[in-house]
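Asks: Below are the sequence and a predicted model; questions follow.
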Amino acid sequence: MNIRLTEKTKIKIQDADDIYGVMQRILLREQKVDRGREHFWTISLDNANKILNIELVSMGSFKATIVEPMEVFSIPLQKRAVKLILVHNHPSGTLKPSEADKDITDHMIQVGRIMKVPVLEHLIITESTCYSFAATGLLKELEASTKYVPAFELKRRFEKAALDKGKEEGVKQGKKEMAKIMKVNREPIEKIIEYTGLTKVVINKLK
């Protein structure tokens, strides 16, 4: 659902306080019964970090809401957004991100990279305060995650890093590191062989 914006709302975002100033007003416009349910919004930004659109992607129960990449990126792509901010509320009043919150953010960061619409921030809000993934360093930590990175992208990254070093040994080590990650993610051995070029014997020895 598109959130109706005034000209005063279409501000340039500089930090979490700017985001919270807008989103707190939007949350408080909801009826009390709905403020007791989790909402998940996207904020689409242009090159100058000015708000193009705010979309309510989903509304769930008092402790969870379902979020899928297609729903998150659909409207921002239509609005020609070049950057994205994620926002959801915690009706309980607690600000600590759950493991599900981290997982969703991790997933959306990787989808954003593929779509070339980077996720700049994820804000958890209540009626009186907020938690910033960016300001606390959690966003940067999740950006380094490879959980949702496709195997072909891992291959590209490792090969590039190895080639930048200009060493054949670096290429071999990069392939081994990729194989280790794919093993942790329980990829089939045939797929690991295909993407790394390593033998089954070498892959089985990796820990």
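Replies: Arrived safely.
Asks: So what touches stretch 104-120?
Replies: For stretch 104-120, contacts defined as Cβ atoms under 8 Å, 6 or more residues apart in numbering pick out 45, 67, 69, 72-73, 76-77, 81-86, 97, 122, 133-134, 138-139, 142-143, 145, 147-149, 153. (C-beta placed from N, C-alpha, C; glycine too.)
Asks: Is it possible to mark the buried ones in those residues?
Replies: Neighbour counting with 16 or more other Cβ atoms under 10 Å marks 45, 67, 69, 72-73, 76, 81-86, 97, 122, 133-134, 138-139, 142, 148-149 as buried within the contacts of stretch 104-120.
Asks: surely I66 meets V72?
Replies: No - applying Cβ atoms under 8 Å as the test, I66 and V72 come out as separate, 11.1 Å apart.
Asks: In terms of residue numbering, what are the domains of the protein?
Replies: 16-143, 151-205 (automatic domain parsing).
Asks: Let me know which of those is tucked in deepest.
Replies: domain 16-143 (a mean of 17; mean count of other Cβ atoms under 10 Å).
Asks: chain center to that one, what's the gap?
Replies: 9 Å (Cα atoms, centre = their mean, to the nearest Å).
Asks: name the element E55 belongs to?
Replies: Using DSSP states H and E, E55 sits within strand 51-59.
Asks: In terms of secondary structure, what does that strand contact?
Replies: In terms of contacts (3 or more Cβ pairs under 8 Å, 6 or more residues apart in numbering; DSSP states H and E), strand 51-59 is packed against helix 16-29, strand 39-45, helix 69-78.
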